[in-house]
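Trainee: Build me a structure from this.
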Amino acid sequence: MIDFTLDQQHAVLHVRPTGPLRAQDFDQIAGVVDPFIEQYGSLHGLILEVPHFPGWENLGAAVRHFRFVRDHHKNVRKVAVVTDSPLGAVAEHITAHFVAAQVKHFSAAQLDAARAWVAKVDDGTAAQ
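Mentor: Predicted structure coming up:
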């Protein structure tokens, strides 16, 4: 399961897995994010707040997850991976090879810093 919020003012999607990921989780996120991207062109940032990776409910959920990433990664400028898991630093380097976005790892205590980083526009100002 995934809890998520879309901060439309700053164009930032905040995702928090709470249990094994399900195919319908990605359909729900797409139902909110796709109209936003269609209207505004992209998301400024994505915050993945992941204390630990909960895995997938089944193979169909894993496939839907990979399709979701494939279909949306070019529409996200920055990805903040917020976790204390040792995989966080690894994810920063591996993910950067597969997505168009800038990817940066933050510890769980740095959630506010992650929010500030994804909201910062390339010219140094905050997203409006």
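
Trainee: I'd like to know which elements the helix or strand hosting Asp112 is packed against.
Mentor: Assigned by DSSP states H and E, Asp112 falls within helix 111-119. Counting contacts by 3 or more CB pairs under 8 Å, 6 or more residues apart in numbering; DSSP states H and E, helix 111-119 packs against strand 12-17, strand 43-49, strand 76-82, strand 102-106. For every residue, glycine as well, the C-beta is placed using N, CA and C.

Trainee: and if we set it to 6 Å?
Mentor: strand 76-82 (3 or more CB pairs under 6 Å, 6 or more residues apart in numbering; DSSP states H and E).

Trainee: which other helices and strands contact the strand it packs on?
Mentor: strand 43-49, strand 102-106, helix 111-119.

Trainee: got a list of contacts for the helix holding Asp112?
Mentor: Residues from elsewhere that reach helix 111-119, judged by CB atoms under 6 Å, 6 or more residues apart in numbering: His10, Val12, Gly45, Ile47, Lys78, Ala80, Val82, Phe106, Ala126, Ala127.

Trainee: Among these, name the buried ones.
Mentor: For these, a neighbour count by 16 or more other CB atoms under 10 Å gives the buried set as Val12, Gly45, Ile47, Lys78, Ala80, Val82, Phe106, Ala127.

Trainee: before we move on, the earlier item: could I get the helix holding Asp112 in CSV with only the CA atoms?
Mentor: Taking Å, rounded to 0.1, in the frame of the first residue of the first chain, the C-alpha atoms of helix 111-119 are listed here in CSV:
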residue,chain,number,x,y,z
LEU,A,111,12.9,15.2,5.3
ASP,A,112,12.7,19.0,5.5
ALA,A,113,15.9,19.3,3.6
ALA,A,114,14.5,16.9,0.9
ARG,A,115,11.4,19.0,0.6
ALA,A,116,13.5,22.1,0.2
TRP,A,117,15.8,20.4,-2.4
VAL,A,118,12.9,19.2,-4.6
ALA,A,119,11.2,22.6,-4.4
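
Trainee: Perfect, I'm done here.
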